[in-house]
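Engineer: No letters, just coordinates:
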């Protein structure tokens, strides 16, 4: 996969006090939904205390948008018991442009691809 066409999303969720087990119980549901997506390159979760991070990448902006549409309802439930404390999007300027309007309300940090292995 050409890294210039890859879009990765880096959300960090701080789970509300007493809700970590409830949030962790949703993780397999997120994985099950995402496993069916053709545009998903990888998708997994890591945890540090009360912060849950999702490591995820997609084929282009279209893949990222398809994912967000697919998990939207479950993500809404997760956000009822957590706070999105940081959101980064990484990709080429062309691919990130496809996401700027749909994700503007989330106020992400936009990291523009410069160079890498596999170009």
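Structural biologist: Cool, the structure landed. Owing to the predicted nature of the structure, the values given are computational and were not obtained by experimental measurement.

Engineer: three-state assignment of the nearest residue to residue 98 once chain neighbours are set aside?
Structural biologist: Excluding its sequence neighbours, the residue lying closest to residue 98 (CB to CB, 6 or more residues apart in numbering) is residue 61, at 3.0 Å. Heads up, the C-betas are built off the backbone N, CA and C, glycines and all. Put simply, residue 61 is helix when judged by DSSP: H, G, I helix; E, B strand; the rest coil.

Engineer: and the residue lying farthest from the centre of the chain, how far is that from residue 81?
Structural biologist: Computed with CA atoms, centre = their mean, the residue of the chain farthest from its C-alpha average is residue 18, at 23.7 Å. From residue 18 across to residue 81, the span is 9 Å (CB to CB, to the nearest Å).

Engineer: Tell me how many other residues crowd residue 90.
Structural biologist: Using other CB atoms under 10 Å as the criterion, residue 90 is surrounded by 19 other residues.

Engineer: try the one 5 residues further on
Structural biologist: A count of nearby residues for residue 95, using other CB under 10 Å, gives 23.
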